[in-house]
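Chemist: Sequence plus the predicted model coming up.
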Amino acid sequence: MNKSILLVLSLALAVACGKKEASAEDNYQPGGGEATTEAADPASYDPKRGEGKFDTVELGATLDQALAKKGEEVAGVKCASCHKTTDEKLVGPGWKGVTERRKPEWIMNFITNPDPMIDKDPEVQAQLEICLVRMPNQGVSDDEARGILEYMRKNDGVK
Amino acid sequence: MKNKFVQAILVIALGSALVSSCKPKNSGDAVSGDAAQRVYVAPGKYDEFYNFVSGGFSGQMSVYGLPSGRMMKVVPIFSVDPESGWGFSEETKPMLNTSEGFIPWDDQHHLELSQTNGEVDGRWIFANANNTPRIARVDLKRFKTSEIIELPNSAGNHSSPFITENTEYVVAGTRFGVPGDYDKGDVPINTYKENFKAHISFIKVDKESGKMDLSFQLRLPGVNFDLSHAGKGKSHGWFFFTCYNSEQANTLLEVNASQRDKDFIMAVNWKKAEEYIKAGKGKIEKTKYAHNTWNDETHTGTSVIKEEVLVLDAMAMKDICYLMPCPKSPHGCDVDPTGEYIVGSGKLAALIPVFSFDKMVKAIGKKDYEGDYEGIPVLKYNSVLHGEVQKPGLGPLHTEFDGKGNAYTTFFVSSEVVKWDIKTLKVLDRVPTYYSVGHLCIPGGDSKKPFGKYLIAYNKITKDRYLPTGPELTQSAQLYDISGDKMKLLLDFPTIGEPHYAQAAPADLIRNNGQLKIYDIKKNNHPRVAKGEKETKVVREGKKVHVYMTMVRSHFSPDNIEGIKVGDDVYFHITNLEQDWDVPHGFSIRRAQTAELLIMPGETATLNWKPSKVGIVPFYCTDFCSALHQEMSGYIRVSPAGSNVPISYSLGTNLPASAKK
């Protein structure tokens, strides 16, 4: 198990880690000395869209009931241990109002690609300081993520 | 810093040059200048090879990286493992079942990686249990024991688990001749020669799933089968076994089993045996053996007791087995990558006989026999001999190959590895080992395609190689570079248990075999899985209480349970809801009579607990899982046996009365 989670956490908060692998000849530098050279360009991160495979997600004018039901089932297994449907924080923040706060593509990207977004998204990093637990990658498929999004919309009152 | 180190190494190397030709007294003399560089694997970098090392009397298998010698994993096989719960959880207990019940220990000697076309294919590794005869298959996508089959009519399952070149069969020869399970077993020991027999098992392996099935056994004279290897290439279809105690002594074997100048290597034409089986020449005999299989979707082992085995009397069939005389109680039995040369190692000999497959086939064709041994033809030594390696050392044990025409043999008595040319039989090089080497391993070194870069010696004696740790010392392995003409000692590394045979394969072959990172929770078909917190519950069935629990970073659901009573039989069925790599959770409960559970993402496992004291009992996660890991815990209220406290369970809602208002 990743015992270095605290370290990772503090690094993530301080500066994005470089992804370049150190070659055998490189001298070791505590704290990831070369991070500044290869760090992902923060300017390229779009806090509205997040980072992942979804650029735009088309939403129906009304709720797709069947899709929301599927999403509720997946959320019951993979999400509900940490997220309430109210605005109350459990392990992570409650889901109430999330579809109003976030664009659908941001939600879909965060569900399917959480780690890079936790490292880069300023609001997620602020949230991490409150929750102290990184949202895990729960192996949610694209279709499942879309279902969860629809379930979140239902939870936010879309009919 | 670096320069000082190099200087020191140079001084040592110089020192060794001055005393060259003398047998070195310590490792400093034997290590060359750039050894440190050659074994250094930088932090975050991978090793070049996986090395799977038998655990001997620990019953486990350990996994190392080479050339660093860093240990990465210990896989429990014929052992219990309190860390993972192997042998303690309800699901794993059936894996250690036998015809005589739960047997949680064994002596694990030899390992063999599965092969396709005679080359290591990185799918499974087979392991033998020497004491209570069993063969296991470990799945290398999961690094987990997937199957264990017990062997009837056997005792001391030593010449196993060697495989044919497409993993058609795993074979297992018995080290102790004993009366078969279907014979009368209650006989005086000194009637050995009449009543004791040896059986060799052929276990069929399914091409796709790897699932094993005891296909048939050969009934043979009561000798001690020691080691074996399959033919390959031209000799595919044959299997070769060394045997000792052809004297059939039953007491003071040290003396009485060393009387004859030669024992045998037995060549088995297993394709012929298959024909006889097909023709109905085998006999179904009554016996009992356990066949235990693991199911990755129910996360549960199942044990089935089988009651019949097909036995073919090899002494009555004249053309299945042939004996080649081999000097002085042969031990190792190794076949070179071409399949032509069979190396026998007489452990009391001062030479190494090398047999020729072509000559053997010719001699059989001409019936060039010197006689028979209990009905099995004995070929003439000189008719089947390719030649002898003269004065190689004392006490040869095992041989591996580098794929460049060279063989490497270990010598226990003279404590060295000797490199020799298979064709010319000339000794090319020798290096000392520290101390008294047993087995050796070259990656792919018993296959058609060895990767002859490194050689690892597994030593029997450790003495002064490491910091002392009281009377019991760690075991010692040593890594040599064999890429040049001369073998070079690079590294010592300690091992677990007593290492016997080992296998190694290029790292990419294993790590790109479809390694599993998590168990897909959608496919979890455990009968008591809780897929999500809404499925968690506590159910009383008389004295039995089933707790359906989930775990996620960082809480259990439920985490408050009341209504458990002294004398209850409580089963915690716990599902890890995580679906990310490297996020197991542990589960431990105060005074659990077993161990912890370490549950992988998407897996369900069950711990049994029998509370015997009234009070509040905490449980917690043992695997540091998040910043709030210390919070991952819960309480169980245990009431007296006759109590009326009803079953109740909750997460986050069981608040003080004042807070509820």
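Modeler: Received it, and whenever you're ready, just let me know what you need. Residues are numbered from 1 along each chain as shown, chains lettered A, B, ... in the order given.
Chemist: alpha carbons only for contacts and neighbour counts from here, please
Modeler: Will do.
Chemist: who touches residue B:165 in this structure?
Modeler: B:115, B:116, B:117, B:118, B:119, B:230, B:231, B:232, B:236, B:447 (C-alpha atoms under 8 Å, 6 or more residues apart in numbering or on different chains).
Chemist: Quick check: the gap between the spatially closest residue to residue B:620 that is not a sequence neighbour and residue B:556.
Modeler: Among residues not flanking residue B:620 along the chain, residue B:633 sits closest, at 4.0 Å (C-alpha to C-alpha, 6 or more residues apart in numbering or on different chains). Counting by C-alpha to C-alpha, to the nearest Å, the gap from residue B:633 to residue B:556 is 7 Å.
Chemist: tell me the SS of residue 145?
Modeler: No chain specified, so I'll use chain A. helix (DSSP: H, G, I helix; E, B strand; the rest coil).
Chemist: Run through chain A and note the low-pLDDT ranges.
Modeler: The model of chain A has pLDDT under 70 over residues A:1-42.
Chemist: In it, what residue lies closest to chain B?
Modeler: residue A:77 (3.9 Å; C-alpha to the nearest C-alpha).
Chemist: who's in contact with the closest residue to residue B:234 other than its chain neighbours?
Modeler: Leaving aside its chain neighbours, residue B:234 sits nearest to residue B:339 (5.9 Å; criterion: C-alpha to C-alpha, 6+ apart). Listed by C-alpha under 8 Å, 6+ apart, the contact set of residue B:339 reads B:231, B:232, B:233, B:234, B:235, B:236, B:357, B:448.
Chemist: ok, which pair from those is furthest apart?
Modeler: The most widely separated members of those, counting by C-alpha to C-alpha, are B:357 and B:448 (15.4 Å).
Chemist: Helix, strand, or coil at residue B:383?
Modeler: Going by three-state DSSP: residue B:383 is helix.
Chemist: Could you do residue A:127 as well?
Modeler: helix.
Chemist: residues near it, how many?
Modeler: For residue A:127, the neighbour count with other C-alpha atoms under 10 Å in any protein chain shown is 16.
Chemist: And the one 5 residues further on, by the same measure?
Modeler: Using other C-alpha under 10 Å, the number of residues around residue A:132 comes to 17.
Chemist: out of residue B:633 and residue B:556, which sits in the more crowded spot?
Modeler: A direct count of neighbours by other C-alpha under 10 Å for residue B:633 and residue B:556 places residue B:556 higher, at 26 against 20.
Chemist: roughly how far is the helix or strand hosting residue B:171 from the heart of the chain?
Modeler: In the assignment (DSSP states H and E), residue B:171 maps to strand B:169-174. How far strand B:169-174 lies from its chain's middle: 14 Å, per C-alpha atoms, centre = their mean, to the nearest Å.
Chemist: And stretch B:82-89, by the same measure?
Modeler: How far stretch B:82-89 lies from its chain's middle: 18 Å, per C-alpha atoms, centre = their mean.
Chemist: go on, stretch B:478-496?
Modeler: Using C-alpha atoms, centre = their mean, the offset of stretch B:478-496 from its chain centre is 22 Å.
Chemist: gap between the two ends of that stretch?
Modeler: Stretch B:478-496 end-to-end distance (C-alpha to C-alpha) = 14 Å.
Chemist: Repeat that for stretch B:615-631.
Modeler: 21 Å.
Chemist: so which residue of the stretch 401-550 of chain B comes closest to chain A?
Modeler: residue B:532 (3.9 Å).
Chemist: which ones are touching the closest residue in space to residue A:89 that isn't next to it in sequence?
Modeler: Nearest residue to residue A:89, sequence neighbours excluded (C-alpha to C-alpha, 6+ apart): residue A:83, at 7.0 Å. By C-alpha under 8 Å, 6+ apart, residue A:83 lies in contact with A:89, A:90, A:91, A:92, A:93, A:94, A:95.
Chemist: how close does residue A:83 get to residue A:113?
Modeler: As judged by C-alpha to C-alpha, residue A:83 and residue A:113 stand 17 Å apart.
Chemist: helix/strand/coil for the residue nearest to residue B:234?
Modeler: Assignment for residue B:339 (three-state DSSP): coil.
Chemist: swap in the one 10 residues further on?
Modeler: Here residue B:349 takes the coil state, with states given by three-state DSSP.
Chemist: Give me the phi and psi for it.
Modeler: phi -90, psi 160 (degrees, to the nearest 10).
Chemist: Contacts only, for it.
Modeler: Applying C-alpha under 8 Å, 6+ apart, we find residue B:349 in contact with B:327, B:328, B:394, B:395, B:396.
Chemist: Within the helices and strands, which one has residue B:259?
Modeler: Of the helices and strands defined by DSSP H and E, none includes residue B:259.
Chemist: Which ChimeraX command selects the buried ones in the contacts of residue B:349?
Modeler: Typed into ChimeraX, the next command selects the buried ones out of those (criterion: 16 or more other C-alpha atoms under 10 Å in any protein chain shown):
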select /B:327,328,394,395,396
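Chemist: now the contacts of residue B:349 as TSV including pLDDT, distance to chain A and secondary structure?
Modeler: Converted to TSV, the contacts of residue B:349 look like this (pLDDT from 0 to 100; distance: C-alpha to the nearest C-alpha, whole Å; DSSP: H, G, I helix; E, B strand; the rest coil):
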residue	pLDDT	distance to chain A	secondary structure
B:327	91	51	strand
B:328	86	50	coil
B:394	91	42	coil
B:395	91	42	coil
B:396	95	40	strand
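Chemist: Which two among the contacts of residue B:349 are spaced furthest apart?
Modeler: Of all pairs in the contacts of residue B:349, the most separated under C-alpha to C-alpha is B:327 and B:394 at 13.3 Å.
Chemist: contacting residues around stretch B:613-631?
Modeler: Contacts with stretch B:613-631, where a contact means C-alpha under 8 Å, 6+ apart, come from A:1-3, A:5-6, A:132-133, B:553-555, B:565-566, B:583-590, B:598, B:632-640.
Chemist: Give me the distance from it to the chain's centre.
Modeler: In this view, stretch B:613-631 has its centroid 35 Å away from the chain centroid, taken as C-alpha atoms, centre = their mean.
Chemist: List the buried residues for it?
Modeler: Neighbour counts using 16+ other C-alpha under 10 Å place B:617, B:618, B:619, B:620, B:621, B:622, B:623, B:624, B:625, B:626, B:627, B:629 of stretch B:613-631 among the buried residues.
Chemist: swap in stretch B:234-253?
Modeler: Per 16+ other C-alpha under 10 Å, stretch B:234-253 contains these buried residues: B:235-250.
Chemist: Keep only those residues that also lie close to chain A.
Modeler: Among those, no residue is within reach of chain A (C-alpha under 8 Å from any C-alpha of the partner chain).
Chemist: From those, pick the one nearest residue B:102.
Modeler: The nearest member of the buried residues of stretch B:234-253 to residue B:102, counting by C-alpha to C-alpha, is residue B:250 at 29.5 Å.
Chemist: Assign a three-state SS to that closest one, would you?
Modeler: coil.
Chemist: For stretch B:554-573, the averaged confidence score.
Modeler: Average pLDDT, stretch B:554-573: 97.
Chemist: Appreciated, that's everything.
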